[in-house]
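**Student:** what would the 3D arrangement of this be:
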Amino acid sequence: MTYEKQHPWIDVFLTIEQLTEAHDGGQARHATAYKIGSKPRNGASNKRKDSLKMHLDGMTAEKAVAVCFGIHDYWYTVSDIVDSSIPEFQIGPQAFDAKAADRPSKQLLVQKDASDDCIFILVDIWMQPHCKILGWCYGWEAKKFGEWGEPTPGRPCFMVSQWDNEERKSCLHPPSELYGIIEQALKEAKQYA
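**Tutor:** I've put the predicted structure just below:
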């Protein structure tokens, strides 16, 4: 069975303006981190160009999620530099974190100190401005079912594959389920307002 039949992805086509906004946001996030002397998390590279790429890729994935689900009002763009515990999206009590995949392996990478209750969303940005939302899982699922490894030297994390393999079943849920989850989170957010 192919991945497409198990969990069809959601295509998101960013306009040039949306992609530019994401890249401008990534540059701003990078500049803010550099200005306040923020250290790379979890052993990430200290090289400025590597850090810039991570910020650009991350903001592109976040923008794809914001566009797809219409949740721009719940998107934190720079504040997570000061406090890394703030997720990219907070809708009522539910936190969401978009993770960019720009490599052929397309694994969802979740850090050891990540919140168990946060929903992590895997976004393929390889062919931007065409992005694909590939799937999602809770932090606790990534920690329980993901493989512990070091895809980037010095940056260990839980790696969740988008495909089942002989050794491990993927814990990614179909991305289409996010529509209902986000709708419910929006309803709960109105109760808190």
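
**Student:** only C-alpha atoms from now on, for both contacts and neighbour counts.
**Tutor:** Fine.

**Student:** send the alpha carbons of stretch 115-132 over as CSV?
**Tutor:** The C-alpha trace of stretch 115-132 is given here as CSV (Å, rounded to 0.1, in the frame of the first residue of the first chain):
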residue,chain,number,x,y,z
SER,A,115,5.2,19.1,25.2
ASP,A,116,3.4,15.8,25.2
ASP,A,117,0.0,17.4,24.5
CYS,A,118,1.2,19.6,21.6
ILE,A,119,0.1,18.6,18.1
PHE,A,120,3.1,18.4,15.7
ILE,A,121,2.3,18.9,12.0
LEU,A,122,4.7,17.6,9.4
VAL,A,123,4.9,19.9,6.3
ASP,A,124,6.9,19.1,3.2
ILE,A,125,8.4,22.4,1.9
TRP,A,126,10.7,20.7,-0.6
MET,A,127,8.9,22.2,-3.7
GLN,A,128,7.9,25.6,-2.2
PRO,A,129,5.7,27.5,-2.9
HIS,A,130,3.9,24.2,-3.3
CYS,A,131,3.8,22.7,0.2
LYS,A,132,2.2,19.5,1.5
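
**Student:** tell me the buried residues in that stretch?
**Tutor:** 115, 118-126, 128-129, 131-132 (16 or more other C-alpha atoms under 10 Å).

**Student:** now swap in stretch 169-185 and tell me
**Tutor:** Buried residues in stretch 169-185, counted by 16+ other C-alpha under 10 Å: 170-176, 178, 182, 185.

**Student:** what about it, start to end distance?
**Tutor:** End-to-end distance for stretch 169-185, by C-alpha to C-alpha, to the nearest Å: 28 Å.

**Student:** which residues touch it?
**Tutor:** 6-10, 69, 91-94, 133-137, 141-142, 145-146, 160-164 (C-alpha atoms under 8 Å, 6 or more residues apart in numbering).

**Student:** next step: the buried residues of stretch 169-185 restricted to helices.
**Tutor:** 178, 182, 185 (DSSP state H).

**Student:** tell me what residue 157 is bridged to.
**Tutor:** According to DSSP bridges, the partner residues bridging residue 157 are residue 149.

**Student:** determine the longest helix present in this protein.
**Tutor:** helix 48-69.

**Student:** quick one: low-confidence ranges for the chain?
**Tutor:** 1-7, 39-49, 77-87, 104, 164-168, 192-193 (pLDDT under 70).

**Student:** please enumerate the helices of it.
**Tutor:** Using DSSP H, the helices found in the chain span residues 3-6, 16-35, 48-69, 139-145, 177-192.

**Student:** tell me the bridge partners for residue 107.
**Tutor:** Here residue 107, judged by DSSP bridges, has bridge partners residue 161.

**Student:** tell me how far it lies from residue 158.
**Tutor:** 9 Å.

**Student:** now swap in residue 31 and tell me
**Tutor:** Distance, residue 31 to residue 158, by C-alpha to C-alpha: 28 Å.

**Student:** tell me which of these two has more neighbours.
**Tutor:** A count of neighbours by other C-alpha atoms under 10 Å puts residue 158 above the other of residue 31 and residue 158, at 23 against 16.
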